[in-house]
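> One predicted model, sequence on top.
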Amino acid sequence: MNLYPFVYYQEKIRPAQSVPFPYDDYGFLYGYGLFETVRIFEKKPILFEKHWERLQSSAIIMGIELAVTQTHIRDIIVDLVQQNKIEDGAILNIYVTPGDRPVGTHRIVMGRPMVLVILRPMTQTRSNIGIHLGIRQESFQRIQIDQFKMLSYVKNILEKALCDPYDDVILYSEKQTVLETPTANVFFARGNVLFTPKSQYILPGVTRRYLLEKAEEFDVDICEQEIVLSDIDEFHEVFLTSSLKGIVLVDKLEKYPNIKSRELTRALQQAYNSSLGLPTLPETKKTV
């Protein structure tokens, strides 16, 4: 099992193997639930407050009661890191659902909300190696509810599975509006100005939001606007952002050989990592 042995489930830290299978849970039955993925570095959750704010606002809109507070979850994370004897990096997942479906009713009735917090080993990826990025039209049309980080994540998984032979793929809509990748937000750059898609169909990523808020401190201008395919030729740089990997360098963009991560992206990666106490490794070219 790819997780550490102790988890938090329904008000208690317990061995993962003791957690019952959620036969009646709305999350298992219908994908009705939310989750957050948080990077743990040196025993601390990175940008936890912003993850919590997104989870809380999404839960209100989706009608899911949160059975824990932000302070309580912070204490839980400290205890889980300690009991699982984590010394450095890990991946934290928080799952919330409305709880079990009541017996004998055809109505959607919310029961006791479920909260599950787990820790997994950190994926061994190298943030200093630029990825190869594809670009294509989305296979599954986005809708407004896709702006929430829901348990029903199948569209993202299938889009990711279809990105071969590339490491990831920028998706665009039928109207040729640039959106995001299946698991990351996208930024382009021209001069000292960054551009990121503005859309009601993309996930408001935590790292993306952090850059928007820190633009002045990082000495860049950021424009959040609609981007279409015909705009891409005007840009000189591209990079991705995600909660686990931070700023992701791009070494090659399909169909656009002159657009990749350059000096501005590397300087921004250094500023981002420095602001959060994260290391920045020397850049290394990806081998084919």
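Received the coordinates, thanks.

> now the helix or strand that Leu249 is a member of, how far from the centre of its chain.
Applying DSSP states H and E as the criterion places Leu249 in strand 246-253. Taking the mean of its C-alpha atoms, strand 246-253 sits 16 Å from the chain's own mean (Cα atoms, centre = their mean, to the nearest Å).

> residues making contact with it?
Outside strand 246-253, the residues that touch it by Cβ atoms under 8 Å, 6 or more residues apart in numbering are 127-133, 135, 170, 184, 207, 238-242, 259-261, 265-266, 268-269, 272-273, 276, 278, 283, 285-286. Yep, even glycine has a C-beta here, placed from its N, CA and C like the rest.

> List the strands paired with it, with their directions.
When sheet partners are counted by DSSP bridges, strand 246-253 sits next to strand 131-137 (parallel), strand 237-242 (antiparallel).

> I'd like to know which of these lies nearest to Tyr95.
strand 237-242 (18.7 Å; Cβ to Cβ).

> Show residues contacting the closest one.
Taking Cβ under 8 Å, 6+ apart as the rule, strand 237-242 contacts 131, 133, 168, 181, 183-190, 205, 207-208, 211, 247-250, 253, 256, 259-262, 264-265, 268-269.

> and that strand, what's its mean pLDDT?
The pLDDT scores in strand 237-242 average 98.

> Give me the three-state assignment for the residue lying closest to Cys223 once chain neighbours are set aside.
Among residues not flanking Cys223 along the chain, Phe195 sits closest, at 5.0 Å (Cβ to Cβ, 6 or more residues apart in numbering). Of the three states, Phe195 takes strand under DSSP: H, G, I helix; E, B strand; the rest coil.

> Now stretch 193-209: buried residues?
194-197, 199, 201-209 (16 or more other Cβ atoms under 10 Å).

> Show only the entries of these found in helices.
Among the buried residues of stretch 193-209, the ones falling in helices (DSSP state H) are 206-209.

> will you turn those into CSV that also has pLDDT?
Output for those, formatted as CSV (pLDDT from 0 to 100):
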residue, pLDDT
Val206, 98
Thr207, 98
Arg208, 98
Arg209, 97
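
> which of those lies closest to Thr177?
Arg208 (16.8 Å).

> ok, the nearest residue to that closest one once chain neighbours are set aside to Thr207 distance?
Residue nearest to Arg208 in three dimensions, not counting chain neighbours: Asn185, with 4.2 Å by Cβ to Cβ, 6+ apart. From Asn185 across to Thr207, the span is 7 Å (Cβ to Cβ, to the nearest Å).
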